[in-house]
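1. Let's see this in three dimensions:
(2 chains)
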Number of protein chains: 2
Amino acid sequence: MPGLSIDNVVFGFHDNRLKVLLVQNKSNRKWILPGGYIFREEELEYAALRILGERTGLNEIYLQQFHVFGSTKRTKEKYLKETMKMMGVDLPSDSWLLQRFVTIGFYALVEFEKVKPEPDEFSSQITWWELDNLPDLMFDHEEIIDTAIKDIRLKINHQPIGYNLLPKEFTLKNLQSIYETILNRKLDRANFNRKVLSYGILDKKEKQFSGGAHKAPYLYSFNKKAYFEALQNGLEKSF
Amino acid sequence: MPGLSIDNVVFGFHDNRLKVLLVQNKSNRKWILPGGYIFREEELEYAALRILGERTGLNEIYLQQFHVFGSTKRTKEKYLKETMKMMGVDLPSDSWLLQRFVTIGFYALVEFEKVKPEPDEFSSQITWWELDNLPDLMFDHEEIIDTAIKDIRLKINHQPIGYNLLPKEFTLKNLQSIYETILNRKLDRANFNRKVLSYGILDKKEKQFSGGAHKAPYLYSFNKKAYFEALQNGLEKSF
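-> Alright, predicted model coming up:
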(Lines give C-alpha, C1' and ligand atoms only; values in the text may rest on other atoms or scores of the structure.)
Protein backbone atom coordinates (compact mmCIF):
# COMPACT_ATOMS: atom_id res chain seq x y z
CA MET A 1 0.00 0.00 0.00
CA PRO A 2 1.73 3.18 -1.12
CA GLY A 3 1.75 5.99 1.43
CA LEU A 4 0.69 3.77 4.32
CA SER A 5 2.89 2.15 6.97
CA ILE A 6 2.64 0.54 10.39
CA ASP A 7 4.77 1.34 13.43
CA ASN A 8 4.79 -0.92 16.47
CA VAL A 9 5.37 0.40 19.96
CA VAL A 10 6.36 -2.56 22.12
CA PHE A 11 6.49 -1.70 25.79
CA GLY A 12 8.61 -4.04 27.86
CA PHE A 13 7.85 -4.50 31.52
CA HIS A 14 10.22 -6.05 34.03
CA ASP A 15 11.07 -5.51 37.66
CA ASN A 16 9.03 -2.31 37.95
CA ARG A 17 10.55 -0.76 34.88
CA LEU A 18 8.85 0.12 31.62
CA LYS A 19 10.92 0.20 28.46
CA VAL A 20 10.32 0.52 24.75
CA LEU A 21 11.83 -1.59 21.98
CA LEU A 22 13.80 0.28 19.31
CA VAL A 23 15.93 -0.76 16.37
CA GLN A 24 18.95 1.07 15.08
CA ASN A 25 19.20 1.64 11.33
CA LYS A 26 22.34 0.03 9.98
CA SER A 27 22.81 2.83 7.48
CA ASN A 28 22.53 6.07 9.44
CA ARG A 29 22.72 4.77 13.03
CA LYS A 30 19.39 6.42 13.83
CA TRP A 31 16.93 4.72 16.18
CA ILE A 32 13.38 3.95 15.07
CA LEU A 33 10.32 1.93 16.04
CA PRO A 34 10.08 -1.49 14.39
CA GLY A 35 7.81 -0.57 11.50
CA GLY A 36 7.21 -1.44 7.88
CA TYR A 37 4.90 -1.49 4.90
CA ILE A 38 1.62 -3.24 4.21
CA PHE A 39 1.16 -5.69 1.35
CA ARG A 40 -1.64 -5.06 -1.13
CA GLU A 41 -3.57 -8.10 0.02
CA GLU A 42 -2.83 -8.10 3.73
CA GLU A 43 -5.10 -7.33 6.68
CA LEU A 44 -3.77 -4.51 8.86
CA GLU A 45 -3.64 -6.60 12.06
CA TYR A 46 -1.78 -9.34 10.24
CA ALA A 47 0.63 -6.83 8.71
CA ALA A 48 1.42 -5.41 12.17
CA LEU A 49 2.24 -8.90 13.49
CA ARG A 50 4.29 -9.85 10.43
CA ILE A 51 6.29 -6.61 10.55
CA LEU A 52 6.95 -7.05 14.27
CA GLY A 53 8.05 -10.63 13.69
CA GLU A 54 10.34 -9.76 10.79
CA ARG A 55 11.95 -6.78 12.45
CA THR A 56 12.30 -8.03 16.02
CA GLY A 57 11.82 -11.80 16.06
CA LEU A 58 8.89 -11.34 18.48
CA ASN A 59 5.86 -13.49 17.76
CA GLU A 60 2.42 -14.14 19.22
CA ILE A 61 2.14 -10.69 20.73
CA TYR A 62 -1.27 -9.08 21.27
CA LEU A 63 -1.00 -5.83 19.27
CA GLN A 64 -3.63 -3.13 19.51
CA GLN A 65 -4.28 -0.35 16.98
CA PHE A 66 -4.26 2.99 18.82
CA HIS A 67 -3.84 6.00 16.49
CA VAL A 68 -3.05 7.15 12.97
CA PHE A 69 -0.22 9.62 12.49
CA GLY A 70 -0.56 11.53 9.26
CA SER A 71 1.13 14.91 9.53
CA THR A 72 2.31 16.03 6.10
CA LYS A 73 5.64 16.86 7.69
CA ARG A 74 6.27 13.58 9.48
CA THR A 75 8.43 11.79 6.90
CA LYS A 76 9.77 14.81 5.09
CA GLU A 77 13.26 14.44 6.40
CA LYS A 78 16.52 14.20 4.64
CA TYR A 79 16.91 10.91 6.56
CA LEU A 80 14.50 9.17 4.27
CA LYS A 81 16.43 9.61 1.05
CA GLU A 82 19.75 9.28 2.87
CA THR A 83 18.68 6.06 4.51
CA MET A 84 17.54 4.54 1.25
CA LYS A 85 20.78 5.53 -0.45
CA MET A 86 22.88 4.10 2.36
CA MET A 87 20.89 0.90 2.15
CA GLY A 88 22.10 0.71 -1.42
CA VAL A 89 18.74 1.74 -2.81
CA ASP A 90 19.06 4.72 -5.13
CA LEU A 91 15.49 5.80 -5.67
CA PRO A 92 14.13 8.10 -8.33
CA SER A 93 12.86 11.26 -6.67
CA ASP A 94 9.25 10.41 -7.52
CA SER A 95 9.42 6.97 -5.88
CA TRP A 96 6.48 6.10 -3.64
CA LEU A 97 8.99 5.39 -0.88
CA LEU A 98 9.98 9.05 -0.81
CA GLN A 99 6.46 10.41 -0.71
CA ARG A 100 4.27 11.25 2.24
CA PHE A 101 3.53 8.33 4.57
CA VAL A 102 0.62 8.00 6.94
CA THR A 103 1.41 5.46 9.66
CA ILE A 104 -0.91 3.37 11.80
CA GLY A 105 0.35 2.94 15.36
CA PHE A 106 -0.06 -0.40 17.13
CA TYR A 107 1.14 -1.18 20.63
CA ALA A 108 1.74 -4.13 22.91
CA LEU A 109 2.97 -4.76 26.43
CA VAL A 110 5.33 -7.68 27.02
CA GLU A 111 7.40 -9.11 29.85
CA PHE A 112 10.79 -8.26 28.42
CA GLU A 113 12.74 -10.94 30.25
CA LYS A 114 10.68 -13.54 28.42
CA VAL A 115 11.47 -12.46 24.87
CA LYS A 116 14.69 -12.34 22.91
CA PRO A 117 14.50 -9.63 20.26
CA GLU A 118 16.78 -10.15 17.25
CA PRO A 119 17.77 -7.39 14.82
CA ASP A 120 16.91 -7.87 11.14
CA GLU A 121 19.15 -7.22 8.15
CA PHE A 122 18.43 -3.47 8.15
CA SER A 123 19.27 -2.99 11.83
CA SER A 124 22.61 -2.95 13.57
CA GLN A 125 21.05 -3.24 17.03
CA ILE A 126 17.75 -3.87 18.79
CA THR A 127 17.49 -2.60 22.36
CA TRP A 128 15.06 -1.87 25.18
CA TRP A 129 15.21 1.81 26.09
CA GLU A 130 14.05 3.51 29.28
CA LEU A 131 11.08 5.78 28.50
CA ASP A 132 12.66 8.79 30.17
CA ASN A 133 15.97 8.30 28.44
CA LEU A 134 15.18 7.76 24.76
CA PRO A 135 17.81 8.28 22.06
CA ASP A 136 17.28 10.66 19.13
CA LEU A 137 14.50 9.15 17.08
CA MET A 138 13.72 9.41 13.38
CA PHE A 139 10.59 11.06 12.03
CA ASP A 140 7.79 11.55 14.58
CA HIS A 141 8.58 8.35 16.47
CA GLU A 142 9.00 10.13 19.80
CA GLU A 143 5.49 11.56 19.40
CA ILE A 144 4.17 8.08 18.53
CA ILE A 145 5.67 6.61 21.73
CA ASP A 146 4.34 9.54 23.74
CA THR A 147 0.83 9.11 22.35
CA ALA A 148 0.97 5.36 23.01
CA ILE A 149 1.91 5.71 26.67
CA LYS A 150 -0.74 8.40 27.22
CA ASP A 151 -3.32 6.11 25.64
CA ILE A 152 -2.32 3.21 27.89
CA ARG A 153 -2.44 5.43 31.00
CA LEU A 154 -5.94 6.58 30.05
CA LYS A 155 -7.14 3.07 29.23
CA ILE A 156 -5.73 1.50 32.41
CA ASN A 157 -8.70 3.03 34.23
CA HIS A 158 -11.25 1.18 32.18
CA GLN A 159 -9.53 -1.75 30.46
CA PRO A 160 -7.75 -4.70 32.05
CA ILE A 161 -3.98 -4.91 31.80
CA GLY A 162 -1.28 -7.40 32.64
CA TYR A 163 -2.19 -10.44 30.59
CA ASN A 164 1.11 -10.65 28.69
CA LEU A 165 3.10 -9.42 31.65
CA LEU A 166 2.48 -11.84 34.48
CA PRO A 167 3.08 -15.56 35.04
CA LYS A 168 0.02 -17.78 35.09
CA GLU A 169 -0.35 -17.25 38.82
CA PHE A 170 0.55 -14.04 40.59
CA THR A 171 -0.10 -12.00 43.72
CA LEU A 172 -2.11 -8.79 43.86
CA LYS A 173 1.19 -7.10 44.71
CA ASN A 174 2.65 -8.28 41.37
CA LEU A 175 -0.32 -6.78 39.57
CA GLN A 176 -0.13 -3.56 41.58
CA SER A 177 3.49 -3.03 40.58
CA ILE A 178 2.50 -3.18 36.90
CA TYR A 179 -0.06 -0.44 37.47
CA GLU A 180 2.43 1.60 39.47
CA THR A 181 5.08 1.27 36.77
CA ILE A 182 2.76 2.26 33.96
CA LEU A 183 1.19 5.13 35.88
CA ASN A 184 4.59 6.09 37.25
CA ARG A 185 3.27 6.65 40.79
CA LYS A 186 2.63 4.74 44.02
CA LEU A 187 -0.85 3.39 44.73
CA ASP A 188 -2.58 2.67 48.00
CA ARG A 189 -2.55 -1.09 48.50
CA ALA A 190 -5.95 -1.60 50.16
CA ASN A 191 -7.65 0.65 47.63
CA PHE A 192 -5.93 -1.10 44.72
CA ASN A 193 -6.92 -4.56 45.97
CA ARG A 194 -10.54 -3.56 46.51
CA LYS A 195 -10.70 -2.01 43.05
CA VAL A 196 -9.15 -4.81 40.97
CA LEU A 197 -11.08 -7.50 42.82
CA SER A 198 -14.32 -5.67 42.08
CA TYR A 199 -13.75 -6.12 38.32
CA GLY A 200 -14.39 -9.85 38.42
CA ILE A 201 -11.50 -10.68 36.10
CA LEU A 202 -9.39 -12.52 38.70
CA ASP A 203 -9.69 -16.10 39.94
CA LYS A 204 -8.38 -16.72 43.45
CA LYS A 205 -6.30 -19.88 43.91
CA GLU A 206 -6.58 -22.20 46.91
CA LYS A 207 -3.53 -21.86 49.14
CA GLN A 208 -1.18 -24.83 49.07
CA PHE A 209 -0.25 -26.11 52.52
CA SER A 210 3.36 -25.35 53.29
CA GLY A 211 4.65 -25.25 56.84
CA GLY A 212 4.80 -21.80 58.33
CA ALA A 213 3.65 -20.19 55.15
CA HIS A 214 0.28 -19.16 56.50
CA LYS A 215 1.15 -15.55 55.80
CA ALA A 216 2.00 -16.21 52.17
CA PRO A 217 -0.25 -14.06 49.99
CA TYR A 218 -3.04 -15.52 47.90
CA LEU A 219 -2.27 -16.29 44.30
CA TYR A 220 -4.56 -15.22 41.47
CA SER A 221 -4.91 -15.87 37.76
CA PHE A 222 -6.77 -13.96 35.10
CA ASN A 223 -10.15 -15.30 34.13
CA LYS A 224 -9.45 -15.29 30.42
CA LYS A 225 -13.07 -15.02 29.33
CA ALA A 226 -13.85 -12.14 31.70
CA TYR A 227 -10.54 -10.47 30.88
CA PHE A 228 -11.08 -10.33 27.13
CA GLU A 229 -14.71 -9.40 27.56
CA ALA A 230 -13.62 -6.44 29.68
CA LEU A 231 -11.00 -5.55 27.06
CA GLN A 232 -13.88 -5.24 24.61
CA ASN A 233 -16.52 -3.62 26.79
CA GLY A 234 -14.66 -1.78 29.52
CA LEU A 235 -14.15 -2.70 33.17
CA GLU A 236 -16.78 -0.79 35.04
CA LYS A 237 -19.49 1.60 34.15
CA SER A 238 -19.63 4.99 35.83
CA PHE A 239 -23.30 5.17 34.94
CA MET B 1 -3.32 9.88 -1.08
CA PRO B 2 -3.99 6.71 -3.06
CA GLY B 3 -5.56 3.88 -1.09
CA LEU B 4 -6.51 6.06 1.86
CA SER B 5 -9.86 7.69 2.63
CA ILE B 6 -11.79 9.25 5.48
CA ASP B 7 -15.32 8.43 6.58
CA ASN B 8 -17.22 10.66 8.97
CA VAL B 9 -19.82 9.31 11.36
CA VAL B 10 -21.94 12.25 12.49
CA PHE B 11 -24.30 11.35 15.30
CA GLY B 12 -27.22 13.68 15.68
CA PHE B 13 -28.89 14.09 19.02
CA HIS B 14 -32.29 15.62 19.57
CA ASP B 15 -35.19 15.06 21.93
CA ASN B 16 -33.77 11.83 23.37
CA ARG B 17 -33.08 10.34 19.99
CA LEU B 18 -29.73 9.49 18.46
CA LYS B 19 -29.42 9.45 14.69
CA VAL B 20 -26.67 9.16 12.12
CA LEU B 21 -26.18 11.31 9.03
CA LEU B 22 -26.08 9.46 5.70
CA VAL B 23 -25.95 10.53 2.08
CA GLN B 24 -27.54 8.73 -0.82
CA ASN B 25 -25.43 8.20 -3.94
CA LYS B 26 -27.08 9.82 -6.93
CA SER B 27 -25.88 7.02 -9.20
CA ASN B 28 -26.85 3.77 -7.52
CA ARG B 29 -29.22 5.05 -4.78
CA LYS B 30 -27.09 3.38 -2.10
CA TRP B 31 -26.61 5.05 1.27
CA ILE B 32 -23.13 5.83 2.57
CA LEU B 33 -21.30 7.83 5.22
CA PRO B 34 -20.12 11.26 4.09
CA GLY B 35 -16.54 10.36 3.19
CA GLY B 36 -13.85 11.26 0.74
CA TYR B 37 -10.20 11.33 -0.22
CA ILE B 38 -7.19 13.07 1.27
CA PHE B 39 -5.08 15.55 -0.67
CA ARG B 40 -1.35 14.92 -0.92
CA GLU B 41 -0.54 17.94 1.22
CA GLU B 42 -3.39 17.91 3.68
CA GLU B 43 -3.42 17.13 7.39
CA LEU B 44 -5.81 14.28 8.27
CA GLU B 45 -7.87 16.34 10.73
CA TYR B 46 -8.23 19.11 8.18
CA ALA B 47 -9.20 16.63 5.47
CA ALA B 48 -11.93 15.18 7.71
CA LEU B 49 -13.41 18.66 8.26
CA ARG B 50 -13.12 19.64 4.59
CA ILE B 51 -14.79 16.40 3.45
CA LEU B 52 -17.60 16.80 5.97
CA GLY B 53 -18.10 20.40 4.88
CA GLU B 54 -18.14 19.57 1.17
CA ARG B 55 -20.44 16.59 1.46
CA THR B 56 -22.90 17.81 4.08
CA GLY B 57 -22.53 21.56 4.44
CA LEU B 58 -21.73 21.07 8.15
CA ASN B 59 -18.89 23.22 9.46
CA GLU B 60 -17.08 23.85 12.72
CA ILE B 61 -17.79 20.38 14.05
CA TYR B 62 -15.43 18.75 16.55
CA LEU B 63 -14.39 15.52 14.78
CA GLN B 64 -12.45 12.81 16.57
CA GLN B 65 -10.38 10.07 14.94
CA PHE B 66 -11.50 6.72 16.35
CA HIS B 67 -10.41 3.72 14.24
CA VAL B 68 -8.86 2.60 10.96
CA PHE B 69 -10.79 0.14 8.80
CA GLY B 70 -8.51 -1.74 6.48
CA SER B 71 -10.00 -5.11 5.60
CA THR B 72 -8.81 -6.20 2.16
CA LYS B 73 -12.43 -7.04 1.37
CA ARG B 74 -14.02 -3.76 2.42
CA THR B 75 -14.12 -1.97 -0.93
CA LYS B 76 -14.07 -4.97 -3.22
CA GLU B 77 -17.60 -4.58 -4.33
CA LYS B 78 -19.09 -4.27 -7.72
CA TYR B 79 -20.58 -1.02 -6.39
CA LEU B 80 -17.27 0.73 -6.66
CA LYS B 81 -16.81 0.37 -10.40
CA GLU B 82 -20.54 0.70 -11.00
CA THR B 83 -20.71 3.89 -8.99
CA MET B 84 -17.81 5.44 -10.83
CA LYS B 85 -19.31 4.52 -14.16
CA MET B 86 -22.69 5.92 -13.22
CA MET B 87 -20.98 9.11 -12.08
CA GLY B 88 -19.78 9.36 -15.66
CA VAL B 89 -16.27 8.31 -14.75
CA ASP B 90 -15.12 5.36 -16.84
CA LEU B 91 -11.96 4.26 -15.09
CA PRO B 92 -9.25 1.97 -16.40
CA SER B 93 -9.29 -1.21 -14.36
CA ASP B 94 -5.90 -0.41 -12.80
CA SER B 95 -7.05 3.01 -11.59
CA TRP B 96 -6.11 3.84 -7.98
CA LEU B 97 -9.80 4.56 -7.37
CA LEU B 98 -10.63 0.91 -7.96
CA GLN B 99 -7.91 -0.49 -5.70
CA ARG B 100 -8.03 -1.38 -2.04
CA PHE B 101 -8.89 1.53 0.28
CA VAL B 102 -8.06 1.83 3.92
CA THR B 103 -10.35 4.34 5.62
CA ILE B 104 -9.83 6.40 8.75
CA GLY B 105 -13.00 6.80 10.79
CA PHE B 106 -13.80 10.13 12.47
CA TYR B 107 -16.90 10.87 14.50
CA ALA B 108 -18.78 13.80 15.96
CA LEU B 109 -21.92 14.40 17.99
CA VAL B 110 -24.14 17.32 17.06
CA GLU B 111 -27.52 18.73 18.02
CA PHE B 112 -29.33 17.90 14.83
CA GLU B 113 -31.98 20.57 15.09
CA LYS B 114 -29.25 23.18 14.93
CA VAL B 115 -27.68 22.15 11.63
CA LYS B 116 -29.01 22.07 8.09
CA PRO B 117 -27.23 19.36 6.10
CA GLU B 118 -27.17 19.91 2.33
CA PRO B 119 -26.47 17.18 -0.23
CA ASP B 120 -23.53 17.69 -2.60
CA GLU B 121 -23.47 17.07 -6.36
CA PHE B 122 -22.88 13.31 -5.92
CA SER B 123 -25.79 12.81 -3.55
CA SER B 124 -29.50 12.75 -4.23
CA GLN B 125 -30.40 13.03 -0.53
CA ILE B 126 -28.88 13.63 2.87
CA THR B 127 -30.86 12.33 5.86
CA TRP B 128 -30.67 11.56 9.57
CA TRP B 129 -31.33 7.85 10.16
CA GLU B 130 -32.36 6.12 13.37
CA LEU B 131 -29.55 3.85 14.57
CA ASP B 132 -31.79 0.83 14.88
CA ASN B 133 -33.35 1.35 11.49
CA LEU B 134 -30.48 1.91 9.07
CA PRO B 135 -30.90 1.42 5.32
CA ASP B 136 -28.68 -0.92 3.32
CA LEU B 137 -25.23 0.61 3.42
CA MET B 138 -22.34 0.37 0.97
CA PHE B 139 -19.03 -1.26 1.80
CA ASP B 140 -18.38 -1.77 5.55
CA HIS B 141 -20.17 1.40 6.57
CA GLU B 142 -22.53 -0.40 8.91
CA GLU B 143 -19.51 -1.83 10.76
CA ILE B 144 -17.97 1.64 10.92
CA ILE B 145 -21.11 3.08 12.52
CA ASP B 146 -21.27 0.14 14.89
CA THR B 147 -17.65 0.57 15.96
CA ALA B 148 -18.19 4.31 16.43
CA ILE B 149 -21.19 3.92 18.73
CA LYS B 150 -19.40 1.23 20.77
CA ASP B 151 -16.41 3.52 21.13
CA ILE B 152 -18.61 6.40 22.31
CA ARG B 153 -20.40 4.15 24.81
CA LEU B 154 -17.05 2.99 26.20
CA LYS B 155 -15.63 6.51 26.34
CA ILE B 156 -18.71 8.03 27.98
CA ASN B 157 -17.48 6.48 31.22
CA HIS B 158 -14.21 8.35 31.23
CA GLN B 159 -14.52 11.30 28.84
CA PRO B 160 -16.93 14.23 29.04
CA ILE B 161 -19.73 14.44 26.52
CA GLY B 162 -22.40 16.93 25.57
CA TYR B 163 -20.45 20.01 24.53
CA ASN B 164 -21.88 20.25 21.02
CA LEU B 165 -25.26 18.99 22.13
CA LEU B 166 -26.52 21.38 24.77
CA PRO B 167 -27.35 25.09 24.90
CA LYS B 168 -24.95 27.30 26.86
CA GLU B 169 -26.99 26.71 30.03
CA PHE B 170 -28.76 23.48 30.82
CA THR B 171 -30.17 21.40 33.66
CA LEU B 172 -28.66 18.17 34.95
CA LYS B 173 -31.77 16.48 33.59
CA ASN B 174 -30.89 17.73 30.07
CA LEU B 175 -27.43 16.23 30.46
CA GLN B 176 -28.79 12.98 31.86
CA SER B 177 -31.03 12.48 28.85
CA ILE B 178 -27.99 12.69 26.56
CA TYR B 179 -26.30 9.92 28.55
CA GLU B 180 -29.48 7.85 28.55
CA THR B 181 -29.92 8.25 24.80
CA ILE B 182 -26.35 7.28 24.00
CA LEU B 183 -26.26 4.38 26.45
CA ASN B 184 -29.79 3.41 25.44
CA ARG B 185 -30.93 2.79 29.02
CA LYS B 186 -32.42 4.65 31.99
CA LEU B 187 -30.10 5.99 34.70
CA ASP B 188 -30.74 6.64 38.37
CA ARG B 189 -31.10 10.40 38.78
CA ALA B 190 -29.44 10.88 42.19
CA ASN B 191 -26.53 8.68 41.21
CA PHE B 192 -26.12 10.46 37.89
CA ASN B 193 -26.11 13.90 39.52
CA ARG B 194 -23.59 12.89 42.17
CA LYS B 195 -21.32 11.39 39.51
CA VAL B 196 -21.30 14.21 36.94
CA LEU B 197 -20.94 16.88 39.63
CA SER B 198 -17.90 15.05 41.02
CA TYR B 199 -16.05 15.54 37.72
CA GLY B 200 -15.62 19.28 38.23
CA ILE B 201 -16.50 20.15 34.63
CA LEU B 202 -19.76 21.96 35.43
CA ASP B 203 -20.28 25.52 36.63
CA LYS B 204 -23.49 26.10 38.62
CA LYS B 205 -25.42 29.27 37.72
CA GLU B 206 -27.07 31.53 40.30
CA LYS B 207 -30.84 31.18 40.20
CA GLN B 208 -32.66 34.16 38.75
CA PHE B 209 -35.45 35.39 40.93
CA SER B 210 -38.80 34.58 39.40
CA GLY B 211 -41.93 34.48 41.45
CA GLY B 212 -42.95 31.01 42.55
CA ALA B 213 -40.12 29.41 40.67
CA HIS B 214 -38.23 28.33 43.77
CA LYS B 215 -38.52 24.76 42.60
CA ALA B 216 -37.01 25.48 39.18
CA PRO B 217 -33.91 23.34 38.74
CA TYR B 218 -30.43 24.85 38.83
CA LEU B 219 -28.82 25.67 35.50
CA TYR B 220 -25.28 24.65 34.68
CA SER B 221 -22.76 25.35 31.97
CA PHE B 222 -19.64 23.45 30.98
CA ASN B 223 -16.38 24.81 32.32
CA LYS B 224 -14.65 24.86 28.96
CA LYS B 225 -11.12 24.58 30.32
CA ALA B 226 -11.94 21.67 32.64
CA TYR B 227 -14.04 20.00 29.93
CA PHE B 228 -11.31 19.94 27.30
CA GLU B 229 -8.70 18.98 29.87
CA ALA B 230 -10.85 15.99 30.81
CA LEU B 231 -11.29 15.16 27.13
CA GLN B 232 -7.52 14.88 26.96
CA ASN B 233 -6.77 13.21 30.28
CA GLY B 234 -9.90 11.34 31.27
CA LEU B 235 -12.55 12.22 33.83
CA GLU B 236 -11.61 10.30 36.90
CA LYS B 237 -8.90 7.90 37.84
CA SER B 238 -9.81 4.50 39.19
CA PHE B 239 -6.36 4.28 40.76
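2. So which bits of chain A are right by chain B?
-> Counting by Cβ under 8 Å from any Cβ of the partner chain, the positions of chain A adjacent to chain B are A:1-4, A:38, A:40-44, A:65, A:67-68, A:70-72, A:99-100, A:102, A:104, A:154, A:156-158, A:179, A:183, A:187, A:191-192, A:195, A:233-239. (Glycine included, C-beta is placed from N, CA and C.)
3. Give me the mean pLDDT for the strand or helix carrying residue A:50.
-> Using DSSP states H and E, the element containing residue A:50 is helix A:44-56. Taken as a whole, helix A:44-56 has a mean pLDDT of 97.
4. what are the phi and psi angles of residue A:220?
-> phi -130, psi 160 (degrees, to the nearest 10).
5. what's near enough to touch the spatially closest residue to it that is not a sequence neighbour?
-> Counting by Cβ to Cβ, 6 or more residues apart in numbering or on different chains, residue A:202 is the residue found nearest to residue A:220 once chain neighbours are left out, at 4.5 Å. Counting by Cβ atoms under 8 Å, 6 or more residues apart in numbering or on different chains, residue A:202 makes contact with A:196, A:220-223.
6. List only buried entries from these.
-> A:196, A:220, A:222-223 (16 or more other Cβ atoms under 10 Å in any protein chain shown).
7. Wait, a helix at residue A:9?
-> No. Residue A:9 is assigned strand when assessed by DSSP: H, G, I helix; E, B strand; the rest coil, not a helix.
8. so what's it bridging to?
-> residue A:107 (DSSP bridges).
9. Chain B versus that one, what's the distance?
-> To chain B, residue A:9 is 16 Å away according to Cβ to the nearest Cβ, to the nearest Å.
10. Provide a list of residues in contact with that residue.
-> Residue A:9 touches A:20, A:33, A:105-108, A:144-145, A:148, counting by Cβ under 8 Å, 6+ apart.
11. Ok, residue A:170 next?
-> A:219-221.
12. between those residues, which is closest to chain B?
-> Nearest to chain B, judged by Cβ to the nearest Cβ, of these is residue A:220 at 17.1 Å.
13. give me the beta-bridge partners of that closest one?
-> residue A:170, residue A:204.
14. Quick one: residues contacting it.
-> A:169-172, A:175, A:202-205.
15. Mind putting the contacts of residue A:202 into a markdown table with pLDDT?
-> Listed next are the contacts of residue A:202 as a markdown table, based on pLDDT from 0 to 100:
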| residue | pLDDT |
| --- | --- |
| A:196 | 94 |
| A:220 | 96 |
| A:221 | 96 |
| A:222 | 96 |
| A:223 | 96 |
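16. show me where chain A has strands.
-> Counting by DSSP state E, chain A has strands at residues A:4-14, A:17-25, A:31-32, A:35-37, A:64-69, A:102-111, A:123-130, A:202-204, A:220-222.
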